[in-house]
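Colleague: A structural model of the following input is requested.
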Amino acid sequence: MSIVAMRSRLTDDDIRRLVKGEDAEDRALAARKICQRIDTPELTSEEREAADAIIGMIAQDAATLVRRALAVTLRQSPHLPKDVAIKLAQDIDSIAVPVIAGSPVFDDADLIELVRTQPAAKLAAIAARQSISKPVVMSLIDHADEGVMGIAAANDGAEFDDEAFDRTIARFGESRAVMDSFVSRSVLPISFTEKIIARVSDDALQRLVRRHALPPQVAVDLAESARERATIDLVDQAGVAPDMPHFIEQMQSSGRLTPSLILRGLLRGHIEFFEHAVARLAGIPHSKAWLLIHDAGPLGLKAVFERTGLPQRLLPAIRSAIDTLHSIEMGPGESGRILFRRRLVERSLTQFQGVPEEDLEYILSRLDQDESEDQPARATG
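Modeller: Coordinates of the predicted model:
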């Protein structure tokens, strides 16, 4: 079907202005009108073929204004022919960016090729797309600059998994701008938050506390370089990490799965954290560590403890804490949780010696905080 055959949908004046118009602005207005009229799923296959020919002709126009009219009008259209979309994506930024940022006709391979071959402004358009698959995200991590990665990091539609988060830290971990941008995401895995929390600016840290419900005390702890305390507070905030084995693995790989941290976690009542930490250090499955830790006899805990390499002086404290844990039933609600931890700590501290002073101070300060948090609950209970 020729252009003339589509005159039932377009006026003679539209066609004449597009083909013969000498003024670029006039042709651009005609191009916009034509693109609006042919951007419809109701065309027959013959009409679609003719429409594609018209779009291809507009894309060849020497005037920037005309090509931009095409790009802006069909930037989100599924009816933009892919070959035209790719041609527009290689045009100047004012034409390419609207199409790259919004066109649904690009697949991952198209976008990855653009990432590999195009300048930063176009990569920024890819990073801002409503949805970006993991392969495209990984390509951006490898080829983009800090500005582009900041856009992708803040984009909830960009698919970051553990591998993508880790690779971003490997390449951009020293870029405060990129690390700060992650704070704008709606959801951050607790394991990734733990990695970036010391890399972000003070302002971003405040936003992290507000947006992701982290305890304000974390900011104070970091400012004081109390890294272990900040980590265990993150575990408090999460209740339990959604993927505890992975969380433990990350802390061990970063050298932060220390005896002090493990003891503090146990005395805060984070038994699952303690179990997985022991399993990791002992090199045994969690199920086996659980059986040995909770063995009613005296030998199970001792046997698994000796495999961990933890200081022997901590064993009495750990045994007392486990025994106390078994004797306490935690009541419902937040007040029940606080009461459980208070009794655990109080009973444990009367039954053993050898807890390092700094760990004892930490536990008692957190117990005081529990008490203050419990007051409003009692007042309204």
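
Colleague: now Phe273. Nearest residue, chain neighbours left out?
Modeller: Leaving aside its sequence neighbours, Phe273 sits nearest to Gly265 (C-beta to C-beta, 6 or more residues apart in numbering; 4.5 Å). Placement of C-beta: from N, CA and C, glycine included.

Colleague: repeat for Glu174
Modeller: The shortest distance from Glu174 to any residue other than its chain neighbours is 7.9 Å, reached at Arg199 (C-beta to C-beta, 6+ apart).

Colleague: now do Met179
Modeller: Take Met179 and drop its neighbours on the chain: the residue closest to it by C-beta to C-beta, 6+ apart is Arg199, 4.4 Å away.

Colleague: for the one you found, helix, strand, or coil?
Modeller: Taken by DSSP: H, G, I helix; E, B strand; the rest coil, the conformation at Arg199 corresponds to coil.

Colleague: where does this structure dip in pLDDT?
Modeller: Within the chain, the stretches falling below the threshold (pLDDT under 70) are 1-22, 209-210, 212-241, 296, 329-337, 339-340, 345, 347-381.

Colleague: quickly list the domain ranges of it.
Modeller: Domains of the chain are assigned by automatic domain parsing as 1-81, 258-381.

Colleague: one step back: just to check, the residue nearest to Glu174 is in contact with Gly173?
Modeller: Yes: assessed by C-beta atoms under 8 Å, Arg199 is found in contact with Gly173 at 6.3 Å.

Colleague: which one of the two has more residues nearby?
Modeller: A side-by-side neighbour count of Arg199 and Gly173, using other C-beta atoms under 10 Å, places Arg199 first with 18 against 14.

Colleague: pretty sure Asp180 contacts Leu205?
Modeller: No: under the criterion of C-beta under 8 Å, Asp180 makes no contact with Leu205, lying 9.0 Å away.

Colleague: run through the helices of the stretch 201-350 of the chain in chain order.
Modeller: With DSSP state H, counting those that start in this stretch as the definition, the stretch 201-350 of the chain shows helices at residue ranges 202-211, 216-223, 227-238, 244-253, 259-267, 271-282, 286-293, 299-308, 315-327, 333-349.

Colleague: and the first one, C-alpha only, in PDB?
Modeller: Same thing as helix 202-211. The C-alpha trace of helix 202-211 is given here as PDB (Å, rounded to 0.1, in the frame of the first residue of the first chain):
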ATOM      1  CA  ASP A 202      26.300  11.800  56.600                       C
ATOM      2  CA  ASP A 203      23.200  13.100  54.700                       C
ATOM      3  CA  ALA A 204      22.700   9.800  53.000                       C
ATOM      4  CA  LEU A 205      23.100   8.000  56.300                       C
ATOM      5  CA  GLN A 206      20.300  10.100  57.800                       C
ATOM      6  CA  ARG A 207      18.100   9.300  54.800                       C
ATOM      7  CA  LEU A 208      19.000   5.600  55.200                       C
ATOM      8  CA  VAL A 209      17.800   5.700  58.800                       C
ATOM      9  CA  ARG A 210      14.500   7.400  57.700                       C
ATOM     10  CA  ARG A 211      13.700   5.400  54.600                       C
END
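
Colleague: renumber starting at 19 from here on
Modeller: Sure, I'll start numbering at 19, so the last one becomes helix 220-229.

Colleague: which other helices and strands contact it?
Modeller: Under the contact criterion of 3 or more C-beta pairs under 8 Å, 6 or more residues apart in numbering; DSSP states H and E, helix 220-229 touches helix 194-200, helix 234-241.

Colleague: could you look up the SS state of the residue nearest to the spatial centre of the chain?
Modeller: By C-alpha atoms, centre = their mean, the chain has its centre lying nearest to Leu206, at 4.3 Å. Three-state secondary structure (criterion: three-state DSSP) places Leu206 in coil.
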